[in-house]
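**Q** Dropping the sequence and predicted coords here.
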Amino acid sequence: MNPVQDLIKNLADEHGRSRANLLPILQGVVEQEKYLSELSMIEIARELNLSAADVYGTATFYSFLEHKKMGTYLIRVCKTITCAMKGKNQILFAIEDMLKIGLGETTSDGKFSLLQTNCLGWCHKAPAMLINDEVYTDLTPESVREILTEYLKK
Amino acid sequence: MVAHSYQLKRADFIFKNENDWERILDKMLKRPTRELINELMSSELKGRGGAGFPTGLKWKLTAEDPSDTKFVICNADEGEPGTFKDREILTKVPYKVLMAMAVCGYVIGSNQGYIYLRGEYKFLVPELNKVIQEFEYYCKQIGHDFSIKIFLGSGAYICGEETALFESMEGKRGEPRNKPPYPSSNGYMGKATVVNNVETLAHTFTIFKYGAKKFYDLGVQYSRGSKLFSVSGDTPKPGIYELELGMSLQDFVNEFGDGDTKAVQVGGASGFLVPRKRFEKTTIGYRGKLTGISLPTGGSMMLFNSSRSMYNVLDNYLEFFREESCGQCTPCRVGCQQLHFGIKAVKRGDKPAQYLDKLLKLTETMQLTAKCGLGQSVANSFSSIVENFREEMIY
């Protein structure tokens, strides 16, 4: 059996097989696989006895459910007003320069991906970013380089 | 600096550590539900997420519904730009929120609660689950049947709208429903549901512990109680502050401004931008028969000083709305796009300045015809920015 099928079966066992359990299952797949492939979505539809279109429709609605394979560490830089005012672009440039990737891209070793996102809720400590579920605030180009240096060692 | 009358009244209820929540819960569960509803109604607590619906009335309507299954949902999908208070409550005093949910369950007749937590706050889950476990254990000990589950969002601002939140929890796209029917009869899974903001629930703890009068005595007419304000932007002291409602914006700016405040965005991107000349006349609170203008807010207060371009601010908001519009109704889906294209075209000089009036007309249409609060409220920031800073919008 394909490992994704295994994962989906386990997630369905854990959360249940009704439509109301769809989002936690989609989140579980993204956490493991770093994205939702067409195969995953079809497999989830089969497991929950839904149409693949329903699963696709739900999955494509949410910005944290990726449809392109992301790196092990997904960086999301907040681009909403306060972070934008407090130098978000300089943070982006520092990351792009250090990792040699642009927005929406993944490093060739599959370790990092870079995205922007809407308000993360850290406006009083702007600019802010998430690396996977971890929050980093009061960023400067220097501090972001230090943070990434630590991740590069992992 | 010119001396000014200092009229901001600080309050300290929300983050005050209370070690006796078990005792309060026991006490509340022994009081008749009618009495608890009356207590809430007489406190005049209104929803602290921004919409300002009277909390007591919400509980009352849901309690009166004949539905056999009911739900209590804590809305922790804090996504409005400039708001960050709910996370702080869930980090520092989560037991207040859980206790309030259990009391709500007792009042309306529900034994299942959910916390809809935005995906951006996923890091809170382990700690929150621990507190929930202890809380449920205590409920079991005293024979009160109530359990709470966390439901995690996945990065969609619109899911903070209560009916979109239900859709999301039901495994669907987070597209708002038509209202009526209202959640008090047709909520999650079509059952009667109370949805309260995190802060609203934390205030009910205060009311249950200290009585409605203590809360009612804070604030002004129509805007009773205290409120958490998330202060950000061009300010020397960004952060979270609990203040009594009814303050004038001028007093707020005197306290939090950097001496050069040009405008304040009250209520986040979906709220209003107030220019300097209106600070004096604007008060912060729910709309009532007050003199002057009263602006409600979920607590988002963003300050801009004179180094900021209001065009850039509006551009940022419109990009936000374009991306976060769920897309199901045309006025909002197309409206947000066209407003965004429109201001860019005017700024480039591709369209004459009068085109802004056409765009203002479009926001009126959106206000009238959009299905939910997102599309309806784009007009707030758009018109308040374009009307007050027109010269910054044109080429």
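**A** Yep, it's here.

**Q** Surely B:Cys74 forms part of a strand?
**A** Yes - applying DSSP: H, G, I helix; E, B strand; the rest coil, one finds B:Cys74 inside a strand.

**Q** so it bridges to which residues?
**A** For B:Cys74, the beta-bridge partners are B:Ile115, B:Asn196 (DSSP bridges).

**Q** Could you pull out the strands in chain A for me?
**A** Counting by DSSP state E, chain A has strands at residues A:73-78, A:112-117, A:129-131, A:134-136.

**Q** and what of chain B?
**A** Here chain B has its strands, by DSSP E, at B:70-76, B:112-117, B:147-152, B:192-197, B:219-220, B:223-224, B:226-233, B:239-244, B:261-266, B:272-275, B:282-284, B:293-295, B:300-305.

**Q** what's in contact with the last one?
**A** It stands for strand B:300-305. Strand B:300-305 has contacts (CB atoms under 8 Å, 6 or more residues apart in numbering or on different chains) with A:81-82, A:123, B:80-83, B:229-235, B:252-253, B:256-258, B:260-268, B:271, B:310, B:313. C-beta: built from backbone N, CA, C; applies to glycine.

**Q** hmm, back to that, indicate which one of the strands of chain B is closest to A:Val77.
**A** A:Val77 lies closest to strand B:226-233 among the strands of chain B, at 16.9 Å (CB to CB).

**Q** Identify each buried residue in stretch B:342-358, please.
**A** Residues of stretch B:342-358 classed as buried: B:Gly342, B:Ile343, B:Ala345, B:Val346, B:Lys347, B:Lys351, B:Tyr355, B:Leu356 (neighbour count, 16 or more other CB atoms under 10 Å in any protein chain shown).

**Q** what's the closest of those residues to chain A?
**A** Using CB to the nearest CB, B:Ile343 comes nearest to chain A of the buried residues of stretch B:342-358, at 15.1 Å.

**Q** Now, of the contacts of strand B:300-305, which are buried?
**A** If you count burial by 16+ other CB under 10 Å, the buried members of those come out as A:81-82, A:123, B:80-83, B:229-235, B:252-253, B:256-257, B:261-268, B:271, B:310, B:313.

**Q** Get me the contact residues on the stretch 51-200 of chain B for chain A.
**A** Contact residues, the stretch 51-200 of chain B versus chain A (CB under 8 Å from any CB of the partner chain): B:78-84, B:87, B:118-123, B:151-157, B:168-175, B:189.

**Q** filter the residues you listed to the buried ones?
**A** Using 16+ other CB under 10 Å, the buried ones in these are B:78-84, B:87, B:118-122, B:151-157, B:168-175.

**Q** Helices - which of the residues you listed land there?
**A** Under the assignment DSSP state H, these contribute B:Arg87, B:Ser168, B:Met169 to helices.

**Q** OK, contacts around the first one?
**A** By that I understand B:Arg87. Going by CB under 8 Å, 6+ apart, B:Arg87 touches A:Gly121, B:Ala76, B:Glu78, B:Tyr121, B:Leu124.

**Q** re the thing from before, so of the strands of chain A, which one's packed in deepest?
**A** Of those, the one with the most neighbours on average (mean count of other CB atoms under 10 Å in any protein chain shown) is strand A:73-78, at a mean of 24.

**Q** can you tell me the average pLDDT over it?
**A** For strand A:73-78, the mean pLDDT works out to 98.
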